[in-house]
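Student: Quick one, fold the following:
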Amino acid sequence: VLSLDLAAPTPTAVPTPRPTNRPVTQEEAPYIDALESISTREAMGDPTSPQGRALAFMLRDGLVDPVRDPEKARQRYALATVGYATNQDGWLNGLNFLTGADECDWAVESGGETKGVLCDEG
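Tutor: Numbering: from 1, shown residues only. So this is what the prediction gives:
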């Protein structure tokens with residue numbers, strides 16, 4: 001005999017957040033030191049957040065040395081964070097965004113205009 005309980009489901013407790021007090025790796029430390037002025041350790045430590053994804057991108061990419069050029073590291077991280085936070089609909093596709101290219105090259109020419117990142121080189 002099959003029995004079905006059609007009572008309303010009982011809500012579950014809100015999941016506990018991922019611990020953010022994990023040790024910082026030796027590889028992450030110089031990036032976190034350079035980026036703490038614009039982001040939090042908690043956000044960078046969450047691999048599902050745009051900030052955590054941007055940090056992981058920079059660690060994989062290795063294009064910018066955060067010790068020698070912390071300003072460039074902050075610029076690349078900020079743009080990567082915006083990319084991860086806003087690209088749900090794929091609007092950045094085709095703009096070279098989040099590639100191994102310099103972030104000032106995350107753009108394309110289309111119809112006589114540049115779309116993407118425009119850096120002031122001065």
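
Student: In three-state terms, label the closest residue in space to Val24 that isn't next to it in sequence for me.
Tutor: Once flanking residues are discounted, Val24 sits nearest to Ile32: 5.8 Å by Cβ to Cβ, 6 or more residues apart in numbering. Where C-beta positions appear, they are placed from N, C-alpha and C, glycine not excepted. State at Ile32, reduced to three classes by DSSP: H, G, I helix; E, B strand; the rest coil: helix.

Student: Do you know the pLDDT at Ile32?
Tutor: pLDDT, Ile32: 96.

Student: Wait, it touches Glu42, no?
Tutor: No - counting by Cβ atoms under 8 Å, Glu42 is not a contact partner of Ile32; they are 11.1 Å apart.

Student: Would you point out which residue is most central in this protein?
Tutor: Ala54 (2.4 Å; Cα atoms, centre = their mean).

Student: what does the model give Pro17 for pLDDT?
Tutor: At Pro17, pLDDT is 52.

Student: For Gly116, see how far away Glu27 is.
Tutor: Taking Cβ to Cβ, to the nearest Å as the measure, Glu27 falls 29 Å from Gly116.

Student: These two: who's more crowded?
Tutor: Using other Cβ atoms under 10 Å as the criterion, Glu27 and Gly116 rank with Gly116 on top: 18 against 9.

Student: contacts for the longest helix that the chain contains?
Tutor: Counting residues, the longest helix found in the chain (DSSP state H) is helix 70-86. Residues from elsewhere that reach helix 70-86 (Cβ atoms under 8 Å, 6 or more residues apart in numbering): 31, 34-35, 37-39, 50-51, 53-55, 57-58, 63-66, 92, 97-98, 103, 106, 117.

Student: So which of those residues are in helices?
Tutor: Under the assignment DSSP H, these contribute Tyr31, Ala34, Leu35, Pro50, Gln51, Arg53, Ala54, Leu55, Phe57, Met58 to helices.
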